[in-house]
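model this:
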Amino acid sequence: MKFLDQAKIYLSSGHGGPGCVSFHREKFIDSGGPDGGNGGKGGDVIFECVATLNTLIDFRYQQHYKAQGGSNGMGQNRSGAGGKDCVIKVPVGTQVLAEDQETVLADFTAPGQTMVFLKGGDGGFGNAHYKSSTNQAPRKFTPGWPGQEMAVWLRLKLIADAGVIGLPNAGKSTFLAACSNAKPKIADYPFTTLHPNLGVVKIGDKDFVLADIPGLIEGAHEGHGLGDRFLGHVERTSVLLHLIDCTADDPVRAYETVRNELKEYGHGLDEKEEIIALNKADALGPELAAEQAKILEKAVGKPVYILSAVSGEGVEKVLFRLAEVIAQSKRTEADL
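Predicted coordinates for the structure are as follows:
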């Protein structure tokens with residue numbers, strides 16, 4: 001299944017059915033009174049959050065969604081049938097944005113969550129509605145109210161507990177594959193990962209969801225490389241794992257490049273809890289890897305873990321630390 005995390009769709013709720021002008025006609029009954037029924041209500045446009053979807057690819061092939069209009073009122077005081085609702089199913093983590101792509105109109109974070117987004121138009125009144133003591137044979141009726149129309153953007157932000165960030169080719173996908181059953185594409189060249197991947201990590205008696213996003217490069221906030229659009233998928237995480245290739249010429253510069261992109265992106269990403277780890281320690285050897293870690297620790301003022309996603313060295317220690325931070329974050333949220 002192809003991954004798509006952004007789509008523009010056009011919505012239209014159903015119009016209300018018009019009322020009816022009718023008079024009762026029956027044998028041996030002269031001058032039967034008005035019996036025109038009301039029109040039916042137009043269908044609503046409803047969003048429903050489901051757990052069985054994980055991409056917005058369906059919205060690439062269908063962009064227009066229209067609810068059914070209400071039926072006409074009929075004689076013999078028969079009201080028109082209401083229009084069928086248009087139910088749009090979206091994956092967990094979907095946001096509905098206005099056309100400016102900034103104003104959030106709805107945010108779906110739990111399966112089963114529903115929202116009536118556009119209401120259908122009310123049905124018009126038939127002439128029976130206007131009958132009174134002073135007007136016993138009205139010919140007045142009203143047409144149905146029109147439905148609503150709107151163009152919106154859908155943006156998917158994956159729901160994960162922790163996110164893996166770093167420059168391209170830092171070993172993020174290899175790390176995800178090493179600690180979960182996820183099968184991301186892995187190769188020895190930059191931008192192997194073109195879309196986010198999710199994996200469930202089980203460590204001890206705990207488990208959490210880990211998200212791997214495409215690598216960031218300098219100027220990503222200006223659209224360089226794959227840009228920073230995929231950073232939205234780690235906005236909801238509790239902690240970020242910052243992987244740095246310890247075989248790089250300058251790990252400190254690699255760290256600062258990614259941190260700068262997080263700051264430029266905003267949305268509080270640069271304020272999230274961060275765990276720093278030097279990956280590919282097997283390629284450098286324990287002594288040189290430890291030396292690189294000391295240099296990086298001195299520059300950033302934070303502890304730096306050493307690991308190798310290929311050999312598994314140091315991976316478990318980092319996973320336990322991630323699980324600890326996530327559990328602490330959940331406890332804090334529960335207290336609030």
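
Could you write out the alpha-carbon coordinates of the helix or strand in which residue 260 is found in CSV?
Remark: residue 260 resides in helix 251-265, with elements defined by DSSP states H and E. Output of helix 251-265 as CSV, limited to C-alpha atoms (Å, rounded to 0.1, in the frame of the first residue of the first chain):
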residue,chain,number,x,y,z
PRO,A,251,29.2,14.4,14.6
VAL,A,252,28.8,17.7,16.4
ARG,A,253,27.9,19.5,13.2
ALA,A,254,25.5,16.6,12.3
TYR,A,255,23.8,17.1,15.7
GLU,A,256,23.5,20.8,15.3
THR,A,257,22.2,20.6,11.8
VAL,A,258,19.2,18.5,12.8
ARG,A,259,18.6,20.5,16.0
ASN,A,260,18.5,23.7,13.9
GLU,A,261,15.9,22.1,11.5
LEU,A,262,13.7,21.1,14.5
LYS,A,263,13.9,24.7,15.8
GLU,A,264,13.0,26.2,12.4
TYR,A,265,10.1,23.8,12.1
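
what packs against that helix?
Here helix 251-265 touches strand 239-245, helix 286-300, going by 3 or more C-beta pairs under 8 Å, 6 or more residues apart in numbering; DSSP states H and E. Heads up, the C-betas are built off the backbone N, CA and C, glycines and all.

wait, residue 80 sits on residue 39?
Yes. At 4.6 Å, residue 80 and residue 39 qualify as touching, with contact defined as C-beta atoms under 8 Å.

intersection of neighbour lists for these two?
In terms of C-beta atoms under 8 Å, 6 or more residues apart in numbering, residue 80 and residue 39 are both contacted by the residues 17, 70-73, 123.

Can you tell me which of those is closest to residue 3?
Closest to residue 3 out of the shared contacts of residue 80 and residue 39 is residue 70 (38.5 Å), distances taken as C-beta to C-beta.

Thought residue 15 was touching that closest one, still the case?
Yes. Residue 70 lies in contact with residue 15 (C-beta under 8 Å); the separation is 6.9 Å.

so what sits against both of these two?
What both residue 70 and residue 15 touch, as defined by C-beta under 8 Å, 6+ apart, is the set 42, 120-121, 144.

which of the helices and strands packed on helix 251-265 is buried the deepest?
Greatest average neighbour count among the helices and strands packed on helix 251-265 goes to strand 239-245 (a mean of 24), per mean count of other C-beta atoms under 10 Å.

do you know how far the closest residue to residue 55 other than its chain neighbours is from residue 198?
Leaving aside its chain neighbours, residue 55 sits nearest to residue 3 (5.0 Å; criterion: C-beta to C-beta, 6 or more residues apart in numbering). According to C-beta to C-beta, to the nearest Å, residue 3 and residue 198 sit 10 Å apart.

Could you check which of these two is surrounded by more residues?
Per other C-beta atoms under 10 Å, whichever of residue 3 and residue 198 has more neighbours is residue 198, with 17 against 14.

Okay, and the more buried one sits in which element?
Residue 198 belongs to strand 197-203, assigned by DSSP H and E.

Which positions in that strand come out as buried?
Buried positions in strand 197-203, judged by neighbour count with 16 or more other C-beta atoms under 10 Å: 197-199, 201, 203.

Likewise for stretch 244-251?
Quick answer for stretch 244-251 (16+ other C-beta under 10 Å): 244-248, 251.

same question for the longest helix seen in the chain, mean pLDDT?
Ranked by residue count under DSSP state H, the longest helix found in the chain is helix 315-335. Helix 315-335 shows a mean pLDDT of 83.

Cool, thanks, talk later.
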